[in-house]
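K.L.:
Kindly return the folded structure for what I paste below:
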Amino acid sequence: GFPRTLGQAEALDKICELDLVISLNIPFETLKDRLSARWIHLASGRVYNMDFNPPQVQVDDLTGEPLVQREDDKPEAVAARLRKYKDAAKPVIELYKSRGILHSFSGTETNKIWPYVYTLLSSKIPPVLSEE
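P.N.:
The predicted structure follows:
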């Protein structure tokens, strides 16, 4: 998410005024597992998740070329990234909470959290009507 640090939040304040901030509270282990299961096809940037969006076999579905796991997606690196993020994001969360614009949602599954996020966003942003 963005902003990730207080410095980024302060820089963002200089270019726009936020009236809504969403924080997703996902358990550490869930995040670590999802990020650690991510593999990519370097040439195209296609992303696979071995748990919920796996390739048909252990290579890129379109080209048959090998998939790689980025160094920062390996379990130890993910754990370190998440700890660092939590420490850096805490003052950002507190800032938006103090302004009364923070809305937090907790869970482990997108399809269970999204309806609540969608309802909030729909109450703030008018729906876009198709011309059909």
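
K.L.:
what residue ranges in the protein score low on pLDDT?
P.N.:
For the chain, residues meeting the criterion pLDDT under 70 lie at 130-132.

K.L.:
any chance you could map the helices in this protein?
P.N.:
Using DSSP state H, the helices assigned to the chain run over residues 6-15, 28-36, 75-98, 110-124.

K.L.:
Adding mean neighbour count and distance to P54, write those helices out as a markdown table.
P.N.:
Where you see a C-beta, it was placed from the backbone N, CA and C, and this is true even at glycine. Below are those laid out as a markdown table (neighbours: other C-beta atoms under 10 Å; distance: least, C-beta to C-beta, whole Å):
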| stretch | mean neighbour count | distance to P54 |
| --- | --- | --- |
| helix 6-15 | 12 | 34 |
| helix 28-36 | 15 | 13 |
| helix 75-98 | 14 | 18 |
| helix 110-124 | 11 | 17 |
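
K.L.:
Tell me which of the ones you listed lies nearest to I22.
P.N.:
Shortest distance between I22 and these, using C-beta to C-beta, is found for helix 110-124: 6.3 Å.

K.L.:
Please save the CA atoms from the closest one in CSV.
P.N.:
The C-alpha coordinates for helix 110-124 follow below in CSV (Å, rounded to 0.1, in the frame of the first residue of the first chain):
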residue,chain,number,x,y,z
THR,A,110,-10.2,-11.3,-0.5
ASN,A,111,-13.7,-12.5,-1.4
LYS,A,112,-14.7,-12.1,2.3
ILE,A,113,-13.2,-8.6,2.8
TRP,A,114,-13.9,-7.1,-0.6
PRO,A,115,-17.7,-6.8,-0.2
TYR,A,116,-17.1,-4.5,2.8
VAL,A,117,-14.5,-2.5,1.0
TYR,A,118,-16.8,-2.2,-2.0
THR,A,119,-19.7,-1.0,0.1
LEU,A,120,-17.5,1.7,1.7
LEU,A,121,-16.1,2.9,-1.6
SER,A,122,-19.6,2.8,-3.2
SER,A,123,-20.8,5.1,-0.4
LYS,A,124,-18.0,7.6,-1.2
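
K.L.:
What lies in contact with that helix?
P.N.:
With contacts defined as C-beta atoms under 8 Å, 6 or more residues apart in numbering, helix 110-124 is touched by 19-20, 22, 24, 103, 105-107.
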